[in-house]
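Chemist: requesting a structural model of the entry that follows:
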Amino acid sequence: MFVKEELKVVVGAEGYNNNPGWLHTQEAELNLLKRTDWTKKFAPNSIAAILAEHVWEHLTYEEGIEAAKVCYEFLQPGGYIRCAVPDAFFPDEDYQAGVQVGGPGPLDHPAASHKIVHNYKTMTSMFEEAGFEVKLLEYCDENGEFHYNEWNEKAGFIYRSKRFDHRNQDEKLGFVSLIVDAIRPK
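Modeler: Model prediction:
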């Protein structure tokens with residue numbers, strides 16, 4: 001069993017290593033919906049933080065709740081999931097075509113397995129149903145207006161964000177994510 005004082009885990013890392021010092025995992029070794037995968041690696045209440053960048057959209061709403069419940073069990077009180085997903089309210093037709101349920105084209109496209117496109121309301125309610133307190137970091141509202149709350153990238157780096165995505169330049173947003181911290185109460 002893997003136990004460490006400040007254990008931080010990236011789920012669905014897909015070959016990226018944007019968070020040095022974090023344990024990077026793939027779905028084949030740590031499936032969000034398979035509690036037995038988690039019990040093989042971690043003790044309950046042992047993880048300080050979980051990062052999931054563009055992972056939860058590959059789950060249905062109900063699967064998202066179940067995955068959040070699994071994570072909750074293994075997070076320390078006060079621990080959090082930093083979760084980023086495509087934003088259903090981002091007002092860009094090309095973006096929405098690219099992130100739509102089922103993807104924009106061929107079955108080998110990464111978005112082909114998208115099961116939901118979240119907005120800030122569905123994301124908040126999903127994590128709240130699992131017992132978390134939710135802090136919105138970046139999101140668009142129903143009018144397409146972008147909202148940003150300061151967040152520390154050292155607490156979980158999200159590339160597809162306002163500050164770090166190369167498509168966001170000259171005060172124009174080309175690609176954003178809906179980003180939340182889902183915090184397990186102390």
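
Chemist: in the longest helix seen in the chain, what's buried?
Modeler: Determined from DSSP state H, the single longest helix within the chain is helix 61-74. Using 16 or more other Cβ atoms under 10 Å as the test for burial, helix 61-74 gives 63-65, 67-68, 70-74. Every residue, glycine included, has its C-beta placed from N, CA and C.

Chemist: next: stretch 145-165.
Modeler: 151, 156-162, 165.

Chemist: again, but for stretch 107-121
Modeler: 111, 114, 116-120.

Chemist: what does stretch 170-186 give?
Modeler: Across stretch 170-186, burial judged by 16+ other Cβ under 10 Å covers 173, 175-184.

Chemist: how about stretch 35-43?
Modeler: In stretch 35-43, counting by 16+ other Cβ under 10 Å, buried: 37-38, 41-42.

Chemist: so which of these are in helices?
Modeler: Per DSSP H, the subset of these in helices is 37-38, 41.

Chemist: got TSV for these, with pLDDT too?
Modeler: As requested, these are arranged in TSV below (pLDDT from 0 to 100):
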residue	pLDDT
Asp37	97
Trp38	97
Lys41	96
